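Peer 1: One predicted model, sequence on top.
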Amino acid sequence: MKGIEFDFSNLFEPNVKNGIKEEEINEKKDQVKQIINEVLEEKPGFLEVPYTRKWVDRVLDLKSWVQSFDAVVILGIGGSALGNLALQSSLNPLNYNTLGEDKRKTPKIYVIDNVDPDYIASILDSIDVSKTLFNVISKSGTTAEAMTNYMIVRGIIESYGLKGKEHLLFTTDPEKGVLREIANEEGIKTLEIPPTVGGRFTVLTPVGLLSAVAGGIDIIDLVNGAKDMCEKVKNDDVWENPAALNALIHYIYYNKGYNISVMVPYSNRLFLLADWYRQLWAESLGKRTDIDGKEVFVGQTPVKALGATDQHSQFQLYNEGPFDKVVTFLKLENFDREITIPHIHDDIPALKYLGGKKVSDLLNTELAGTEYALVEHNRPNMKVIFPEINPYNIGQFFFAYEFQTAVMGKLLDINAYNQPGVELGKNVTYALMGREGHEEIAKEVKDKLKGKKEIKL
Ligand SMILES: O=P(O)(O)OC[C@H]1O[C@](O)(CO)[C@@H](O)[C@@H]1O
């Protein structure tokens, strides 16, 4: 199967002025070779995922039960939601939930990944609870947002006189956490999140696979795509390894002050891949200390934009603003649907040229124009090319970026698998919401907030 391709041309001299030189890659070739081998030897949990058939089998065992519902609602946040959103929006039609049952043979899929009451209520208003499965996903089994949404739906399930275990499925750690305890006590069905796989690397575990199966996505192809990409990125020659080369290029640019990485899908269906990437790149690489504990304050800020929409919003800045961005386009060669622009105004020269053209040609021509403009403005950019959107290609994409993140973590000499920087905010929330065991921090925070000088207009 033809897979995705990485086009790095516009990152290098002479294609782009002040671009990086091949020698700069060659200087780091040996270091990257060593890094690739270290990653392979250390076997971070995500590396094993495409080879662990039991996740796929367990999810497939649940397929007919899951697909018997009218709707499946995912309750999770961060790594327990973003992969699900990316999978559904890329591999199912954008109007999937609103399609009639003659066209949509599998349940509607919703993801509630926030604790905004307007948002939660709007989704709950759209479903029939008695015909809905709620898949609560939390690796830790304690995250406030996921647990809040679980308690809300549990309350509704009970208020309808329905049985919790017939409408709930927990995806969580095999042993630890509140969800696991509740499931054990009540016999609620569960799926496991491998403890060795960090939340943002779990899309190809039951975290993402269950909703994928619910939505009729071929998870075997998805995992095969990841597996084939894994085989490809095991190559320790950086010039043959797209993930390692991409990491090294981003690292070199980062050290030259390019501290923003912008991902720009030219496809609405691919847009949420950029959201998934944002968490992966930000949480993995944004670190205060290196692996020896020395303060380094590193990280490249991931930003998403949509082509062609954001040409009319962001690209003025990208073309003429500071030299601090590396742009990655996601290009789709063959769209599932096509629309030909009708010959409506052949008498108006400003519109005539559009008549008879395919919309996908216009979109990809706009991409070519944007690339050309970036190059003319001496701005580094690259493309990930999808021949079409299918589970295999999406699986390849996920795995390539996971491996790229692991390599980038090593280049930056940081731990790419923890997220200590999110703990304080979480603990303060627990404290201010009155969670037991957080009394001291609650007092400290309240005292500090009291002494704060206010500047409000
Ligand atoms: O799956 P959990 O444990 O609920 O965590 C959700 C998310 O919260 C974080 O721990 C912090 O944002 C992420 O790393 C993780 O993906």
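Peer 2: Sure thing, it's come through.
Peer 1: C-alpha only now, for contacts and for neighbours.
Peer 2: Noted.
Peer 1: What sits closest to the most centrally placed residue in the chain if chain neighbours are left out?
Peer 2: Among the residues of the chain, the one closest to the centroid is residue 276, at 1.2 Å (CA atoms, centre = their mean). In space, and not counting its chain neighbours, residue 276 is closest to residue 82: 5.2 Å by CA to CA, 6 or more residues apart in numbering.
Peer 1: I'd say that neighbour and residue 274 touch.
Peer 2: No. Contact criterion CA atoms under 8 Å: residue 82 and residue 274 do not qualify, at 9.7 Å.
Peer 1: who has more neighbours, those two?
Peer 2: With neighbours defined as other CA atoms under 10 Å, residue 82 and residue 274 compare such that residue 82 has more, 27 against 23.
Peer 1: pLDDT score assigned to the more buried one?
Peer 2: What the model reports for residue 82 is a pLDDT of 98.
Peer 1: residues contacting the residue nearest to residue 148 when sequence neighbours are not counted?
Peer 2: Leaving aside its sequence neighbours, residue 148 sits nearest to residue 115 (CA to CA, 6+ apart; 7.5 Å). By CA atoms under 8 Å, 6 or more residues apart in numbering, the contact list for residue 115 reads 145, 148, 149.
Peer 1: go on, residue 235?
Peer 2: Residues counted as contacts of residue 235 (CA under 8 Å, 6+ apart) are 36, 241.
Peer 1: Tell me which residue of the stretch 301-450 of the chain lies closest to the ligand.
Peer 2: Nearest residue of the stretch 301-450 of the chain to the ligand: residue 422, at 5.8 Å (CA to the nearest ligand atom).
Peer 1: Kindly tell me how buried the residue in the stretch 251-400 of the chain that the ligand sits nearest to is, as a neighbour count.
Peer 2: Distances between the stretch 251-400 of the chain and the ligand by CA to the nearest ligand atom are smallest at residue 283, namely 6.9 Å. Residue 283 has 21 neighbouring residues, counting by other CA under 10 Å.
Peer 1: Next SSE downstream of whatever helix or strand it lives in?
Peer 2: In the assignment (DSSP states H and E), residue 283 maps to helix 271-285. From helix 271-285 onward toward the C-terminus, using DSSP H and E, the following helix or strand is strand 287-289.
Peer 1: Indicate each strand paired with the very next helix or strand once past that following strand and its parallel or antiparallel sense.
Peer 2: Tracing the chain past strand 287-289, the next element assigned as helix or strand by DSSP H and E is strand 295-298. If you go by DSSP bridges, strand 295-298 pairs up with strand 287-289 (antiparallel).
Peer 1: I'd like to know the average pLDDT value across the partner strand.
Peer 2: Strand 287-289 shows an average pLDDT of 98 in the prediction.
Peer 1: Figure out how far that strand is from the centre of its chain.
Peer 2: 22 Å (CA atoms, centre = their mean, to the nearest Å).
Peer 1: pLDDT score assigned to the residue of the chain positioned farthest from its centre?
Peer 2: Of all residues in the chain, residue 347 sits farthest from the chain's C-alpha centroid, using CA atoms, centre = their mean; the distance is 45.9 Å. As predicted, residue 347 sits at a pLDDT of 97.
Peer 1: Next up, phi/psi of it, please.
Peer 2: Note on residue 347: its backbone torsions stand at phi -90, psi -10 [degrees, to the nearest 10].
Peer 1: Next: the one 10 residues further on.
Peer 2: For residue 357, the backbone dihedrals are phi -90, psi 150 (criterion: degrees, to the nearest 10).
Peer 1: Run the chain-centre distance for stretch 398-417.
Peer 2: From the chain centre to the centre of stretch 398-417 is a distance of 14 Å (CA atoms, centre = their mean).
Peer 1: Restricting the selection to alpha carbons, write that stretch to PDB.
Peer 2: Extracted C-alpha coordinates of stretch 398-417, given in PDB (Å, rounded to 0.1, in the frame of the first residue of the first chain):
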ATOM      1  CA  PHE A 398       0.600   8.700  14.300                       C
ATOM      2  CA  PHE A 399       3.500   6.500  14.700                       C
ATOM      3  CA  ALA A 400       6.000   8.600  12.700                       C
ATOM      4  CA  TYR A 401       5.200  11.600  15.000                       C
ATOM      5  CA  GLU A 402       5.500   9.500  18.100                       C
ATOM      6  CA  PHE A 403       8.900   8.300  17.100                       C
ATOM      7  CA  GLN A 404       9.900  11.800  16.000                       C
ATOM      8  CA  THR A 405       9.000  13.100  19.400                       C
ATOM      9  CA  ALA A 406      11.100  10.400  21.100                       C
ATOM     10  CA  VAL A 407      14.100  11.400  19.000                       C
ATOM     11  CA  MET A 408      13.500  15.100  19.600                       C
ATOM     12  CA  GLY A 409      13.300  14.500  23.300                       C
ATOM     13  CA  LYS A 410      16.800  12.900  23.200                       C
ATOM     14  CA  LEU A 411      18.200  15.700  21.100                       C
ATOM     15  CA  LEU A 412      16.900  18.200  23.600                       C
ATOM     16  CA  ASP A 413      18.300  15.900  26.400                       C
ATOM     17  CA  ILE A 414      15.000  15.900  28.300                       C
ATOM     18  CA  ASN A 415      12.500  13.300  29.500                       C
ATOM     19  CA  ALA A 416       9.800  13.300  26.800                       C
ATOM     20  CA  TYR A 417       7.500  11.000  28.700                       C
END
